[in-house]
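Asker: Starting from these lines, generate the structure:
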Amino acid sequence: QDPEWQKSLDEFETMWAERSAAIQAGTYKSEAMTISIPIVNHIMVPTSSPTPPSSAIASQMQTLIDDYSAQNSDYTSGTPVEFRNVRSGTFGFSISQDPATEFKSTSTSSFSSNNNIKFSNSG
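Answerer: Alright, predicted model coming up:
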């Protein structure tokens, strides 16, 4: 057996045990990289209504970021205990640049869970 290989394996197992414990405790933060997930907003607007202001879209984006990073104001009171250690540390969200927001006009007053909102011929 190769002593260098065994040493490398032992070091890896020690590092993984420490990292696994930190992940379980919710204290692990990877410094390797941050993954940014681009977001495109698709907003359905009633035909006779103005589009929402960009400040409203920015506010919703900030809410998404705060929720996933456990920075939201109701994190301790609104998050079940079993989920409090599960939060992002290595990914975030950013508004896509092409296009950032897409508005679609509709005469449909409401949509149900049947996915009709996804199809132009359904509203």
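Asker: Pull out the buried residues from the worst-scoring helix or strand of the chain on mean pLDDT.
Answerer: Lowest by mean pLDDT, DSSP states H and E among the helices and strands of the chain is strand 91-95, with a mean of 71. Of the residues in strand 91-95, Phe93 count as buried by neighbour count, 16 or more other C-beta atoms under 10 Å. Any C-beta I mention is one placed from the backbone N, CA and C, and that applies to glycine too.
Asker: And it, what does it pack against?
Answerer: Counting contacts by 3 or more C-beta pairs under 8 Å, 6 or more residues apart in numbering; DSSP states H and E, strand 91-95 is packed against strand 35-39, helix 54-68.
Asker: Buried deepest among these, which one?
Answerer: For the helices and strands packed on strand 91-95, the largest average neighbour count (mean count of other C-beta atoms under 10 Å) is found in helix 54-68, namely a mean of 13.
Asker: Can you spell out which helices and strands pack onto the longest helix seen in the chain?
Answerer: Once the chain is assigned using DSSP state H, the helix that runs over the most residues is helix 3-25. If contacts are counted by 3+ C-beta pairs under 8 Å, 6+ apart, helix 3-25 sits against no helix or strand.
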